[in-house]
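Chemist: Here is a sequence together with a model predicted from it:
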Amino acid sequence: MTDNATHCWPNSPEQPGPGGRLIVVSGPSGVGKSTVTDALEERGGFYFSISVTTRKARPGEEEGEHYRFVSEERFGEMIRADELLEWAQYNNNFYGTPRRPVLDQIAAGSDVLLEIEVQGAMQVIGAYADAVTIFINPPSIDELIRRLRGRGHMSEETIERRMEIARGEMEIGRQHFDHRVVNDDLERVVGEILGILARSPSN
Ligand SMILES: Nc1nc2c(ncn2[C@@H]2O[C@H](COP(=O)(O)OP(=O)(O)O)[C@@H](O)[C@H]2O)c(=O)[nH]1
Ligand SMILES: [Mg+2]
């Protein structure tokens, strides 16, 4: 057992005893984060954080299941009331992780999984030294370009800009994340992540 004093959970004084882990899965746009974390969710054993977003629901997305869809005004209120553990602006929309459910689940001993983009992941890394952070890389930059093109109608200019962002994010992944995995095969990468988590200490 490690000394409790080395842990930084803000709620640990009220909730002594073993807490769950905060697990962050991030990576560049188009790398397949949602597909990987959906597969992890199917394996069970995690509390999946539901983000708030100002973007419109897509067909098939359910309020409170995929996201909580909120107005920009409400999102701003949540920032001011310090209700978000992290947040970021991405593609002209805002995304954030409600703090309370995450801390409650951790205090209750559950592992909590966040699937978030890189700016938000860096906020978590700065604030929660104990978070287990996993960065998903594409098999190659060419493969990432292919996947982005596969999402349809993006101009060459947009693709070029996304690639520059992805290169910068992959550098952040190298420097700041605990673990890096390559999304070359869904079953394989899910197995690798489960192996990483099995070896990562709990609080
Ligand atoms: N920082 C942050 N990023 C989030 C959050 N929720 C989702 N994201 C990221 O926002 C990006 C856009 O997600 P989405 O609108 O669902 O479109 P996608 O590109 O099809 O996954 C993805 O990189 C998600 O990982 C959140 O709460 N915080
Ligand atoms: Mg996604």
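Modeler: Ah, there it is. Numbers count the residues shown, from 1 in each chain. Ligands and ions are numbered 1, 2, ... in the order given.
Chemist: can we go C-alpha only for contacts and neighbour counts from here?
Modeler: Noted.
Chemist: Any part of the helix or strand of the chain with the lowest mean pLDDT near ligand 1?
Modeler: None of the helices or strands of the chain scores lower by mean pLDDT, DSSP states H and E than helix 141-150, at a mean of 89. No - applying C-alpha under 6 Å from any ligand atom, one finds helix 141-150 separated from ligand 1 by no less than 9.8 Å.
Chemist: List the contacts of that helix.
Modeler: With contacts defined as C-alpha atoms under 8 Å, 6 or more residues apart in numbering, helix 141-150 is touched by 30-31, 138, 159, 163.
Chemist: among these, which two are most distant?
Modeler: Using C-alpha to C-alpha, the pair of the contacts of helix 141-150 lying farthest apart is Pro138 and Ile159, separated by 15.3 Å.
Chemist: one step back: include pLDDT when you put the contacts of helix 141-150 into a markdown table, please.
Modeler: Converted to a markdown table, those look like this (pLDDT from 0 to 100):
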| residue | pLDDT |
| --- | --- |
| Gly30 | 90 |
| Val31 | 95 |
| Pro138 | 96 |
| Ile159 | 89 |
| Met163 | 92 |
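Chemist: what's the average pLDDT for the helix or strand where Ile79 lies?
Modeler: Counting by DSSP states H and E, the element that carries Ile79 is helix 72-80. Per-region confidence: helix 72-80 scores 98 on mean pLDDT.
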